[in-house]
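J.: what's the 3D shape of this:
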Amino acid sequence: MSRPSFPKAVFEFQKQFNTEESCLKFLIQSRWPEGFSCPKCENESYFSIKSRGLLQCKECNYQASVTAGTVMHHTKMPLTIWFQAAYLVTTHTPGMSALQFQRQVGISSYQTAFMMLHKLRAAMVRSGRDRLSGTVEVDETYIGGERPGKTGRGAENKVIVVGAVDIRGKYANRIRLKVISDVKQSTLGKFIRENVEKGSIVKTDEWIGYNTIYKSGYRHITSLKLIHIHRVISNLKTWLIGTHHGVRKQHLQAYLNEFTFRFNRRKTPMAAFQTVLGLTKERVGPTYEGLYGVAKGKELWVHPNPSERG
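T.: Numbering: from 1, shown residues only. Below you'll find the predicted structure:
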């Protein structure tokens, strides 16, 4: 058994994954590309219990769940809807808001659509991922706030986001984005150490918060021309305001994760599709309480103008 093929167009996707059975087949092929092996006794023969999404070992009767460890485990939503959500998130160029998704697939509850998309976003973050390397541009920006206000590093009621992008030739390669509490040396230095390989060239502006990063094993260059990271920040703000029309502070990091994921996998839709479904590594998505059970943050005011950065 080989890894399943991935549709190249939306009509191919709709044809390939139009039934629960076809989705289950894809899950089985993705999770056991070399053929089923019982997690308990390693026997390769099994019975399929399609109504419950289980594969029962013929040798020891162990029942392996096809969706265990994925964002779809214990879901009451049809697999066809999950597959459509994953496809839209990973291939739709401007992204997909919960309201757009709700309308497009015909889900009655906005909360259900919102929850599904956030579960998919949770699967986008891979622990232990490779650090950026080579020449890396780093800068921070200010997003949100209840209303337009002071710009730059003195901005009030806004969330600070730091970003990094490594350069290959003339083009941006991979990015990292993170919500931070301040722009102190300790905070910015920690972000760089966690996301950039030592020995890399780190280009920043002249903000004093970057003055000591050379002590951590980086070659530090200051420049007023940080073309690639400024373009990433500009595109991020445009995406937040254009696709999502503003997001809550408590959810901003999830949206940053999605933006990062989509950018870094823009050339590999098959890998992106399998990743968000949780087929490459076990991930646990957020619970409803995790999304709604905390104090609700006020809607962020997101300005699409990149000149608002510090």
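
J.: how close does C38 sit to L27?
T.: From C38 across to L27, the span is 16 Å (C-beta to C-beta, to the nearest Å). From N, CA and C alone the C-beta is placed, and that goes for glycine too.

J.: Need the nearest residue in space to A254, chain neighbours excluded.
T.: Spatial nearest neighbour of A254, chain neighbours left out: R121 (4.6 Å); criterion: C-beta to C-beta, 6 or more residues apart in numbering.

J.: And the next helix or strand past the host helix or strand of that neighbour?
T.: Counting by DSSP states H and E, the element that carries R121 is helix 110-122. Downstream of helix 110-122, the next assigned helix or strand under DSSP H and E is strand 135-143.

J.: helices and strands around that following strand, which ones?
T.: Contacts defined by 3 or more C-beta pairs under 8 Å, 6 or more residues apart in numbering; DSSP states H and E place strand 135-143 against strand 159-168, helix 185-195, strand 201-204, helix 227-243.

J.: Can you check which of those gets nearest to P78?
T.: helix 227-243 (25.2 Å; C-beta to C-beta).

J.: Tell me which other helices or strands that closest one touches.
T.: strand 135-143, strand 159-168, strand 171-180, helix 252-264.

J.: Including mean neighbour count and distance to N61, could the ones you listed go into CSV?
T.: Putting these into CSV (neighbours: other C-beta atoms under 10 Å; distance: least, C-beta to C-beta, whole Å) gives the following:
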stretch, mean neighbour count, distance to N61
strand 135-143, 24, 53
strand 159-168, 22, 50
strand 171-180, 18, 45
helix 252-264, 20, 39
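
J.: Any idea how many residues pack against the residue nearest to V202 when sequence neighbours are not counted?
T.: Nearest non-adjacent residue to V202, counting by C-beta to C-beta, 6+ apart: Y218, 4.6 Å away. Y218 has 21 neighbours, counted by other C-beta atoms under 10 Å.

J.: What residues of stretch 49-61 count as buried?
T.: When burial is assessed from 16 or more other C-beta atoms under 10 Å, stretch 49-61 yields the following buried residues: 53-57.

J.: closest to N235 among those?
T.: G53 (38.6 Å).

J.: Got the confidence number for that closest one?
T.: On pLDDT, G53 comes in at 85.

J.: List the contacts of it.
T.: 24, 65-67 (C-beta atoms under 8 Å, 6 or more residues apart in numbering).

J.: Selecting buried members of the residues you listed in PyMOL, what would you type?
T.: Remark: buried members of the contacts of G53, expressed as a PyMOL selection using 16+ other C-beta under 10 Å:
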select buried, resi 24+65+66+67
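
J.: From the contacts of G53, pick the one nearest A254.
T.: Among the contacts of G53, and counting by C-beta to C-beta, the member closest to A254 is T67, at 21.8 Å.

J.: show me the contacts for that closest one.
T.: 27, 53, 73-75, 79.

J.: neighbours around Q14, how many?
T.: Q14 is flanked by 14 other residues according to other C-beta under 10 Å.

J.: For it, pull up the helix or strand it's in.
T.: Going by DSSP H and E, Q14 is part of helix 10-16.

J.: Check the average confidence over that helix, would you?
T.: Rounded mean pLDDT across helix 10-16 is 88.
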